[in-house]
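K.L.:
Fold the following for me, if possible:
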Amino acid sequence: MTTMPSDKASPFPVQTVPEWRRAVLKVGSSLLAADGGGLTPRFALGLAQFVSANVLAGREVVIVSSGAVAAGRAIVPGTLQAGASIAARQALAALGQARLISLWQRFFERPVAQVLLTHDDLRNRRRYLNARATLNELLALGTLPVVNENDTVSVDELKLGDNDNLAAIVAALVDADALFIATDIDGLYTADPRRDPQAQPVSEVHELGAEVLAMAGGSGTSAGTGGMHTKLQAAAKAGAAGIDTYLFNGRDADVVRGLAQGQLRGTRLHAGRSRVAARKYWLRHAPVEAGAIMVDGGAAAALKDKGASLLPGGVVGAEGEFRRGDMVEIQLRDEAGVRSVARGVSQYSAQDIRRIARHHSREIEAILGYNYGGNIVHRDDLVLL
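P.N.:
Take a look at the predicted model:
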């Protein structure tokens, strides 16, 4: 893929971006790194204005930002030479992370919150739930979460430069409606336009098959460690969660301004199914742990007829020894026998549930000494059977 000069109009036609409530914006190192090391606000300012415009319109945005290693280079010049060890890159990431957050904070009056994650945090269901709860609370508090990979401890991911895929996982984590990937390219082309003068812009992709993946190239700049291929991988992950992905040139001020008004000049990669359908499919087919949450008739009716979350007051007990974050069945036991009425991700372990069953949500902390919220299973993590 190639970088178009900022004074050249984008070859991509204008598309209208569908309405969205919550989005993730991924910003690559190539948009933040200054020549010779350090960070520059040159392109970040326009992206921050895009975020601010949407926040003022009542939407929510989570930023996934690269750039910590580039920031660290300015603090300890000459450290990262060719063939430098992973430890050296990790040290620069640790040094540069504070400057990266400081760069974003300068553009916003609202507080900016640093969130460092690894893929392991998001593969482990209990840590996944903790990360989601934290990000949702940060958004509820009116802050701007800025997520980065925890490069200091994430060896494999640091080598791969995987923040594109991290952004897709975060988009699914926070139930986003859209994933915007800001980069130094205009979008996807049918071939590398640096080598093929016949390469044509691809404004929409409805299915990410082998033919589309073959169009991708490598990293376009020395500052960035990803490329178009990782962006397509990210789009596939987001699409599996029902989230559309939008690729656009974050260096083109006109493109960024248009995006703030809901107009895309870039590539839209459509999700295969709706976000709700994708999540319900996962909830219905994910393997369940041994054991179950037992509920009374009132709770079963509330789940079925009102689309309610499962509260401790309607729980009569728990069977088995499942843990927080496990997928478990919710069962009703009455004179007709035992039958499964739903399944979902439990916010509490079986041991905890047995202690708080039949109690009010406000009593959870007094009983356990901590709480993960007032729901045993949130309605967004539950599907009826």
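K.L.:
shouldn't Phe12 be in contact with Thr267?
P.N.:
Yes - in this structure, Phe12 is within contact of Thr267 by Cβ atoms under 8 Å, at 7.2 Å. Bear in mind the C-beta positions are built from the backbone N, C-alpha and C, glycine included.
K.L.:
between these two, what contacts are shared?
P.N.:
Common contacts of Phe12 and Thr267 (Cβ atoms under 8 Å, 6 or more residues apart in numbering): 187, 201, 203.
K.L.:
Out of the residues you listed, which is nearest to Thr134?
P.N.:
Thr134 lies nearest to Gly187 out of the shared contacts of Phe12 and Thr267, by Cβ to Cβ, at 32.8 Å.
K.L.:
Need the phi and psi values for the closest residue to the closest one other than its chain neighbours.
P.N.:
Nearest residue to Gly187, sequence neighbours excluded (Cβ to Cβ, 6 or more residues apart in numbering): Thr267, at 3.7 Å. Dihedral angles phi and psi of Thr267 (degrees, to the nearest 10) take the values phi -110, psi 130.
K.L.:
ok, the residue nearest to Ser52 when sequence neighbours are not counted - how many residues close by?
P.N.:
Of all residues not flanking Ser52 in the chain, Phe108 sits nearest, at 6.8 Å (Cβ to Cβ, 6+ apart). By the other Cβ atoms under 10 Å criterion, the neighbourhood of Phe108 contains 15 residues.
K.L.:
Ok, the one 3 residues further on next?
P.N.:
The burial metric for Pro111, expressed as a neighbour count using other Cβ under 10 Å, is 12.
K.L.:
per-residue pLDDT, it?
P.N.:
Looking at Pro111, its pLDDT is 97.
K.L.:
my guess is it meets Leu139, correct?
P.N.:
No - contact criterion Cβ under 8 Å: Pro111 and Leu139 do not qualify, at 11.8 Å.
K.L.:
Please list the members of the shared contacts of Phe12 and Thr267 that lie in helices.
P.N.:
For those, not one is inside helices, with DSSP state H as the criterion.
K.L.:
For Val345, state which of those is nearest.
P.N.:
Distances from Val345 to those, taken by Cβ to Cβ, are shortest for Gly187, at 36.0 Å.
K.L.:
Contacts only, for that closest one.
P.N.:
Contacts of Gly187 by Cβ under 8 Å, 6+ apart are 12, 201-203, 247-249, 265-267.
K.L.:
Dump the shared contacts of Phe12 and Thr267 to TSV, plus distance to Arg42 and pLDDT.
P.N.:
TSV is the format used below for the shared contacts of Phe12 and Thr267 (distance: Cβ to Cβ, whole Å; pLDDT from 0 to 100):
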residue	distance to Arg42	pLDDT
Gly187	21	93
Pro201	25	93
Ser203	27	96
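K.L.:
just those residues now: which is nearest His229?
P.N.:
His229 has its nearest neighbour among those in Gly187, at 14.2 Å by Cβ to Cβ.
K.L.:
how about that closest one, phi and psi?
P.N.:
The phi and psi values for Gly187, taken as degrees, to the nearest 10, are phi 160, psi -160.
K.L.:
how far away is the residue nearest to Gly187 from Asn371?
P.N.:
From Thr267 across to Asn371, the span is 44 Å (Cβ to Cβ, to the nearest Å).
K.L.:
Which one of those two is surrounded by more residues?
P.N.:
Ranked by neighbour count (other Cβ under 10 Å), Thr267 and Asn371 place Thr267 first, with 26 against 17.
K.L.:
Return the set of residues that bridge with that one.
P.N.:
Leu247 (DSSP bridges).
K.L.:
mind listing what the residue nearest to Ser52 touches?
P.N.:
By Cβ under 8 Å, 6+ apart, the contact list for Phe108 reads 48, 51-52, 144.
K.L.:
just Ala234 next, same as before
P.N.:
Residues near Ala234 by Cβ under 8 Å, 6+ apart: 26, 164-165, 167-168, 179, 181, 245.
K.L.:
Which ones among those residues lie within helices?
P.N.:
Of the contacts of Ala234, the ones assigned to helices by DSSP H are 164-165, 167-168.
K.L.:
For Ala336, state which of the residues you listed is nearest.
P.N.:
The nearest member of the ones in helices among the contacts of Ala234 to Ala336, counting by Cβ to Cβ, is Ala168 at 44.2 Å.
K.L.:
Might one say that that closest one is in contact with Lys237?
P.N.:
Yes - using Cβ under 8 Å, Ala168 is in contact with Lys237, at 3.8 Å.
K.L.:
quick one: which of these two has more around it?
P.N.:
Ala168 (30 against 20).
K.L.:
Any figure for the gap between the more buried one and Glu204?
P.N.:
Separation of Ala168 from Glu204 (Cβ to Cβ): 18 Å.
K.L.:
Arg265 too?
P.N.:
Look at Arg265 and Glu204: by Cβ to Cβ, they are 12 Å apart.
K.L.:
swap in Ala133?
P.N.:
In terms of Cβ to Cβ, Ala133 sits 35 Å off from Glu204.
K.L.:
ok, now Leu100?
P.N.:
On the measure of Cβ to Cβ, Leu100 and Glu204 end up 33 Å apart.
K.L.:
Pick out whichever of those two has more residues nearby.
P.N.:
Between Leu100 and Glu204, Leu100 has the larger neighbour count (other Cβ under 10 Å), namely 24 against 13.
K.L.:
Kindly give the local confidence score, pLDDT, for the more buried one.
P.N.:
Note on Leu100: pLDDT of 95.
K.L.:
same check, this time on Arg323
P.N.:
With respect to pLDDT, Arg323 has a value of 93.
K.L.:
Next, the contact list for it, please.
P.N.:
Residues near Arg323 by Cβ under 8 Å, 6+ apart: 126, 289, 349-350.
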